[in-house]
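S.K.: just need the structure, nothing else, for what follows:
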Amino acid sequence: MTFDLLGTDPHSEARAGELTTDHGTIATPIFMPVGTAGTVKGVHQRELKEDVQPDIILGNTYHLYLRPGTEILKAAGGLHQFMNWHGPILTDSGGYQVYSLSANRKIKEEGVKFKSHIDGSYHVFTPENAIAIQRDIGADIIMAFDECTPYPCSYDYAKNSMHRTHRWLDRCFDFHNSTPFSYNYEQTLFPIVQGSVYDDLRQQSATYVAQKNAPANAIGGLSVGEPAEEMYAMTDVVCRILPKDKPRYLMGVGTPANLLENIALGVDMFDCVLPTRNGRNGMLFTSEGTINIKNKKWEKDFSPLDPHGHSFVDSQYTKAYARHLFTVNEMLGKQIATLHNLSFYLWLVRAARKHILAGDFTAWKNQLVPKLAQRI
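M.R.: Sure, this is the predicted structure:
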């Protein structure tokens, strides 16, 4: 994997770059649609390729490990072949499930024992087998195994968790560097900065991660319930330490406004379930703010979903029609909302890129962010 920094904003830390993998090139800043179980939920691969056109999508190691399982994925030739997506893929390591399945897991130095949410069976994730599983899934970018700490958590808990995550990181790199790829292309391992919302821990973790000299770096443990101001403060602390010539991936973030504010702090890559999950529940993101398409106020509104046409579906469907589909519980309504939101998120990061390269990103962002935060 290579990364070329093509331009910076003169009034912020925002950057525009180009990240190249064996499955294609990724223009940054970029948003990655979440394809948890080998599909971006509710979106056909043809629509993904032709309409949304993301440069990269994300898969979930925990879910793919449980179903369909690595044996089937290997027999298929890896996730790219299995799901008929031939662009870049990133997989998380299962570390987020250490956080989200807190009632069904035990953390030890060796790894994490957890109970399947499907059938109650027990499994163990270690740094070594988290990498081995991602080898067999076959993503272009794979993540180190870590613990995503909850919010709030005590300083001592965050400190102990951070140091264990660093020890696990060393084991991830040892295994990654001593084992072959499962397929005939390269996989790049991203380490993850942790430390909760404590400045000194974030500084320690960012320094430790930067010293690994990996091709790119990630920031985890944010967007887990902390106020946005805390998220931005921690991102700022970390981005000041992580190398400027390497991509930075902020995991699990976020709202449209979150994306722009974190781009301004120097983040290059994002993923989040908001555009797909919220879309299925009737929330549409637009350049004028968010709307609940199920509200009666849209019943006779025959205007596009986004007033400025920032989604490919805007020229095809009106608010009134989308509301009607939700009212009668037609699956197409959820699909249209999902496609709209994904298209809008991709428009947003691509517009940010253009403004970074043009040198006026900060002024554009400051004008747009207040609108994005509105409920219409």
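S.K.: most distant residue from the middle of this protein?
M.R.: K300 (35.7 Å; C-alpha atoms, centre = their mean).
S.K.: for that residue, which non-adjacent residue is closest in space?
M.R.: In space, K300 comes closest to A320 once its chain neighbours are excluded; the distance is 5.9 Å by C-beta to C-beta, 6 or more residues apart in numbering. No exception for glycine: its C-beta is placed from N, CA and C like everyone else's.
S.K.: what helices and strands are in contact with the helix or strand hosting that neighbour?
M.R.: Here A320, judged by DSSP states H and E, is contained in helix 319-327. Counting contacts by 3 or more C-beta pairs under 8 Å, 6 or more residues apart in numbering; DSSP states H and E, helix 319-327 packs against helix 331-358.
S.K.: identify the residues contacting the very next helix or strand once past the helix it packs on?
M.R.: Counting by DSSP H and E, the next helix or strand C-terminal to helix 331-358 is helix 361-372. The contact list for helix 361-372 (C-beta atoms under 8 Å, 6 or more residues apart in numbering) reads 9, 11-12, 14, 255-257, 260-261, 263-264, 285, 287-290, 351-352, 355.
S.K.: list only buried entries from those.
M.R.: 9, 12, 14, 255-257, 260-261, 263-264, 285, 287, 290, 351-352, 355 (16 or more other C-beta atoms under 10 Å).
S.K.: how about the contacts made by D140?
M.R.: So D140 contacts 1, 21-23, 56, 88-90, 185-188 (C-beta under 8 Å, 6+ apart).
S.K.: can we see that at 7 Å?
M.R.: D140 is in contact with 21-23, 88-90, 187-188, counting by C-beta atoms under 7 Å, 6 or more residues apart in numbering.
S.K.: pick out the most distant pair among those.
M.R.: The most widely separated members of these, counting by C-beta to C-beta, are D22 and L90 (13.2 Å).
S.K.: look at these two and report which has more neighbours.
M.R.: L90 (26 against 14; other C-beta atoms under 10 Å).
S.K.: could you measure P54 against I291, distance?
M.R.: Per C-beta to C-beta, to the nearest Å, P54 is found 23 Å from I291.
S.K.: right, I mislabeled it, should have said V52
M.R.: 20 Å.
S.K.: what segments of the stretch 51-200 of the chain are strands?
M.R.: 57-59, 89-91, 105-107, 112-115, 122-125, 141-143, 188-190, 192-193 (DSSP state E, counting those that start in this stretch).
S.K.: and the angle from the helix or strand hosting L260 to helix 331-358?
M.R.: Element membership for L260, per DSSP H and E: helix 256-264. If you take axes from the mean of the first three to the mean of the last three C-alpha atoms, to 10 degrees, helix 256-264 sits at 30 degrees to helix 331-358.
S.K.: what's around V328, how many residues?
M.R.: 9.
S.K.: tell me the pLDDT of it.
M.R.: Looking at V328, its pLDDT reads 98.
S.K.: any regions of the stretch 1-150 of the chain where pLDDT drops low?
M.R.: 98 (pLDDT under 70).
S.K.: can you map out the helices along it?
M.R.: 45-47, 61-66, 70-76, 79-83, 95-100, 127-137 (DSSP state H, counting those that start in this stretch).
S.K.: show me how far the longest one is from its chain's centre.
M.R.: Which is helix 127-137. 19 Å (C-alpha atoms, centre = their mean, to the nearest Å).
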